[in-house]
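Peer 1: take a look and give me a structure for this.
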Amino acid sequence: MTSERTRAFLGVYMPLILGAIVIAIATNFLLRTGEAPAEWPATLSWDLMRAACAGGLVFVGIVLFISTAGRYRKAKHARQDASGLGKLKS
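Peer 2: Predicted coordinates for the structure are as follows:
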């Protein structure tokens with residue numbers, strides 16, 4: 001099985017890395033796509049669809065960041081409790 005450090009790394013940092021990749025792909029898609037393809041239906045707005053797709057990808061990336069922030073704080077608090085730093089001194 002994998003070590004505890006590897007599992008902690010994958011649980012905390014991998015969603016951050018994936019979120020950054022998803023946001024980078026969305027930005028690249030938004031900036032690199034120009035004119036609508038020739039086979040694109042005239043009744044649909046190319047720019048609106050492009051913005052909707054990129055916005056959806058950015059939303060998914062932000063959700064990955066937010067969910068990981070809570071997991072990171074929880075892991076940090078657990079480490080502090082294990083080392084005795086998180087307890088109040090009387």
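Peer 1: and the longest helix for the chain?
Peer 2: Longest helix in the chain, counting residues (DSSP state H): helix 46-83.
Peer 1: tell me which residue is most central in this protein.
Peer 2: Gly19 (2.3 Å; Cα atoms, centre = their mean).
Peer 1: distance of that residue from Ala26?
Peer 2: Here the criterion is Cβ to Cβ, to the nearest Å. By it, Gly19 lies 11 Å from Ala26. No exception for glycine: its C-beta is placed from N, CA and C like everyone else's.
Peer 1: also Val63?
Peer 2: 13 Å.
Peer 1: Phe65 now?
Peer 2: According to Cβ to Cβ, Phe65 stands 13 Å off from Ala26.
Peer 1: try Ala38
Peer 2: 24 Å.
Peer 1: when those two are compared, which one has more neighbours?
Peer 2: Ala26 (19 against 5; other Cβ atoms under 10 Å).
Peer 1: return the per-residue confidence for the more buried one.
Peer 2: Ala26 carries a pLDDT value of 89.
Peer 1: which ones are touching it?
Peer 2: 53-58, 61 (Cβ atoms under 8 Å, 6 or more residues apart in numbering).
Peer 1: let's see it at 7 Å
Peer 2: 54, 57-58 (Cβ atoms under 7 Å, 6 or more residues apart in numbering).
Peer 1: where does it fall, secondary structure wise?
Peer 2: helix 4-32 (DSSP states H and E).
Peer 1: what do you get for Glu35?
Peer 2: For Glu35, there is no helix or strand it lies in under DSSP H and E.
Peer 1: correct me, but Ile25 touches Leu57?
Peer 2: Yes: between Ile25 and Leu57 there is a contact at 6.4 Å, judged by Cβ atoms under 7 Å.
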